[in-house]
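S.K.: Show me how the following folds:
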Amino acid sequence: MCLPPPRAAAPLLILFLGACSAAPPGYTELGDGLPGPKIWSEAVIPFDANGDARIDLLFVNANGWRRPGDMGASSTDPLSPTLLINRGNGAGGPMFEDRTAHLLPSNLLIHGKNAAVCDVNGDGHNDIALAVAFGARQRLLLWDPTAARFVDASDRLPNFAINSNGVGWGDLDDDGDPDLVWVDSGPRSDRAPGGKARMLLNDGNGRFTEASAERFPAIEKISGQNAEIVDIDGDLDLDVIVDGKSPVTQLYINDGNANFTLDTSTIPEGERGCRTYDVDWADLDGDGDLDGVFMNFVGPQRRKLANVVIANRLSETGRLSFELVRDAFAGRNLEDENDFALVDADDDGDLDVVVAVLTSPPCEEKLFINSGVIGPGFLVELTGAFPVRHDGSLDMTMVDVDGDGRYDAVTAQGESNRHEDFRNRVYLGTGPADSTPPNILRVTSLGSPAPAGTSASIRAWIQDATVDDGNTFVAARLHWTVERAGQQTRGSAPMPHIGGCLHRAVLPAAPKGATITYHVSAADRYGNESVSSERAIAVN
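M.R.: Residues are numbered from 1 along each chain as shown. A predicted model of the protein is given here:
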């Protein structure tokens, strides 16, 4: 993500008193919905599209779930994505303008299901990878700085036509550029045989080659939904998790060089052979490993099942394993839901859970407050946090669109048009502003002594106040000191986000006989900053 320079931090005492006296978390609707066409939207992705440091919104649109035109879609026609540019705050809050025709290709008509936003060609501007359904070619849009718009560069991808519901991104082979993973739901979205996920490796210039089956041994997944790119096993490389509406969640463990091993047993099924809809990953209890918020879709005989949490026991046992916490949610938890977003809504340093609701009356979104200790009822619904809206939310993201330090909710409406039109919405946060620094949970530890003249890749896992589909709004830096013969040389470098809340920079080579010390700093958009402990290595 492109970030503005962090503003100066307020004094600690002021931040503390502000947090104590702030209103409880809650959300109020901005106006009467967002501009743009009222069509079936599948996903919303926040990012700075035009480089002005404000958060813009990309909505990915489709007409149909299993096939074009089903589930009450207005037609079978493919649709353009919608790109809304944030023009800053007016009298009533942030103002958005539909700039789709000016910034996206005019012939970009697809049944889009999701998108990944990252800089694939290293020019400093975000690009867009689109997941396209119903046996179509997947799409890649690059920012053209001369034309100041996105252009279709799908010819940089292998030419495969799949039924994709999701695409994820991350630096999988530790070369500093983002790679892509597309999920394939198979010829029929919820029936056998399913489809195999595709891993595409980047050459550094935004041209992609599909990895071999030896490197990425994908197997069929019925109704695959998401490619989650996260460090699930704590070794500071990015693994791949393919979830979706069938019982087994696929885990692909990375060796650090994009050679993967398939594991189909470590991540448990939600409940009694359920068809999983979605799993979102973050450290929910502050113990330094990734827990899962697990959305059950339906069980046997289409019985609806409640959402659960799977607690990671890696930190306690040293081995990747999970405990299923069936009664983690206290409140309404048996509804037709479609997405989780994780946000520190009450500014207490742990992540709370927001849920997007599709069709279950009264249809408003829900906020569950995290007590910080995983166990029965540790996520407690805060009733009345959202206004009642009879719309059908398929996706949600939490992001600060008006720059007041409070995280706002943006929802994408689709599929269910039973109550109101497909009107995408913004709900402005009214609770405490973010005064909590990012949490630097893990930093690469180099072995000592290190060989002279060798540079090293340093990664840091940094979790901040929002975690949703790989988006992050943290600026990180690597700092180092090289000491030799009584002389010191200091330096630093930015650590770009490389997916899954990981950041990366290269520690420069040092001569024989030197000692290198290094640490990581991380700042959010409001000047809240944290610094890791120093690490020292000898060079010989």
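S.K.: Setting aside sequence neighbours, what's the nearest residue to the residue of the chain positioned farthest from its centre?
M.R.: In the chain, residue 485 marks the outermost C-alpha relative to the chain mean, sitting 45.8 Å out by CA atoms, centre = their mean. With CB to CB, 6 or more residues apart in numbering as the criterion, residue 485 has its nearest non-adjacent residue at 7.3 Å, and that residue is residue 513. Using the backbone N, CA and C atoms, a C-beta is placed for each residue, glycine as well.
S.K.: If I look at the one you found, what pLDDT would I see?
M.R.: Listed pLDDT for residue 513 reads 95.
S.K.: Please report the distance of it from residue 507.
M.R.: 17 Å (CB to CB, to the nearest Å).
S.K.: so how far is stretch 347-367 from its chain's centroid?
M.R.: The chain centre lies 17 Å from the centre of stretch 347-367; the measure is CA atoms, centre = their mean, to the nearest Å.
S.K.: can you check stretch 53-62 too?
M.R.: Here stretch 53-62 is found 14 Å from its chain centre; the criterion is CA atoms, centre = their mean.
S.K.: before we move on, what SS does the residue nearest to residue 179 when sequence neighbours are not counted have?
M.R.: Counting by CB to CB, 6+ apart, residue 179 lies nearest to residue 172, which is 4.4 Å off, once chain neighbours are set aside. Using DSSP: H, G, I helix; E, B strand; the rest coil, the three-state assignment for residue 172 comes out as coil.
S.K.: per-residue pLDDT, residue 172?
M.R.: Reading off the confidence values, residue 172 has pLDDT 98.
S.K.: now residue 531
M.R.: Residue 531 carries a pLDDT score of 98 in this model.
S.K.: right, and residue 161 touches residue 139 too?
M.R.: No. Here residue 161 does not reach residue 139: they are 11.4 Å apart, not a contact under CB atoms under 8 Å.
S.K.: quick one: what helix or strand has residue 234 in it?
M.R.: In this structure, residue 234 sits in neither a helix nor a strand according to DSSP states H and E.
S.K.: so how far is residue 517 from it?
M.R.: Using CB to CB, we find residue 234 at a distance of 23 Å from residue 517.
S.K.: picking up where we left off before, so what's the residue nearest to residue 179 up against?
M.R.: Residue 172 is in contact with 179, 181, 199, 201, 229, 237, 238, 240, 254, 258, counting by CB atoms under 8 Å, 6 or more residues apart in numbering.
S.K.: how many neighbours does residue 209 have?
M.R.: Residue 209 has 13 neighbouring residues, counting by other CB atoms under 10 Å.
S.K.: quick revisit: doesn't the residue nearest to residue 485 lie inside a strand?
M.R.: No. Assessed with three-state DSSP, residue 513 is coil; it does not lie in a strand.
S.K.: contacting residues around it?
M.R.: Contacts for residue 513 were tallied using CB under 8 Å, 6+ apart; they are 484, 485, 539, 540.
S.K.: sorry, back to before: residue 161 and residue 139 - which one has more neighbours?
M.R.: Neighbours per residue, other CB under 10 Å: of residue 161 and residue 139, the larger number sits with residue 139, 21 against 12.
S.K.: Surely that one touches residue 150?
M.R.: No. Using CB under 8 Å, residue 139 makes no contact with residue 150, being 10.5 Å away.
S.K.: ok, the most centrally placed residue in the chain - contacts?
M.R.: Centre of the chain computed as the mean C-alpha position; nearest residue by CA atoms, centre = their mean is residue 469, 1.7 Å away. By CB under 8 Å, 6+ apart, the residues touching residue 469 are 45, 226, 397.
S.K.: if you look at these, which of them are in helices?
M.R.: Here DSSP state H is the test, and those give no hits in helices at all.
S.K.: still on that earlier bit, keep only those of the contacts of residue 172 that are in helices.
M.R.: When the contacts of residue 172 are checked against helices using DSSP H, none is located there.
S.K.: can you redo these as JSON lines with neighbour count?
M.R.: As requested, the contacts of residue 172 are exported to JSON lines (neighbours: other CB atoms under 10 Å):
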{"residue": "179", "neighbour count": "26"}
{"residue": "181", "neighbour count": "28"}
{"residue": "199", "neighbour count": "25"}
{"residue": "201", "neighbour count": "19"}
{"residue": "229", "neighbour count": "30"}
{"residue": "237", "neighbour count": "23"}
{"residue": "238", "neighbour count": "29"}
{"residue": "240", "neighbour count": "28"}
{"residue": "254", "neighbour count": "23"}
{"residue": "258", "neighbour count": "20"}
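S.K.: hang on, the earlier thing: mind pulling up the pLDDT for the residue farthest from the centre of the chain?
M.R.: pLDDT for residue 485: 93.
S.K.: Same check on residue 450?
M.R.: With respect to pLDDT, residue 450 scores 88.
S.K.: any idea how far residue 538 is from it?
M.R.: Between residue 450 and residue 538 the computed distance is 7 Å (CB to CB).
S.K.: Which one's more surrounded, these two?
M.R.: Comparing residue 450 with residue 538 by other CB under 10 Å, the one with more neighbours is residue 450, at 19 against 13.
S.K.: hey, what's that one bridged with?
M.R.: Taking DSSP bridges, one finds residue 539 as the beta-bridge partners of residue 450.
S.K.: all helices of the stretch 201-350 of the chain, in order?
M.R.: 314-317 (DSSP state H, counting those that start in this stretch).
S.K.: Show me where it dips below the pLDDT cut-off.
M.R.: Scanning the stretch 201-350 of the chain for pLDDT under 70 picks out the ranges 271-273, 299, 301-302.
S.K.: how about 80 then?
M.R.: Counting by pLDDT under 80, the ranges of the stretch 201-350 of the chain that qualify are 270-275, 297-305.
S.K.: ok, of the contacts of residue 172, which one's closest to residue 53?
M.R.: Within those, the smallest distance to residue 53 is 25.4 Å, found for residue 229 (CB to CB).
S.K.: what sits against the closest one?
M.R.: By CB under 8 Å, 6+ apart, residue 229 lies in contact with 168, 169, 170, 172, 181, 238, 239, 240, 470, 499, 500.
S.K.: Go ahead and confirm the last one touches residue 470.
M.R.: Yes. The pair residue 500 / residue 470 is scored as a contact, 6.3 Å apart, by CB under 8 Å.
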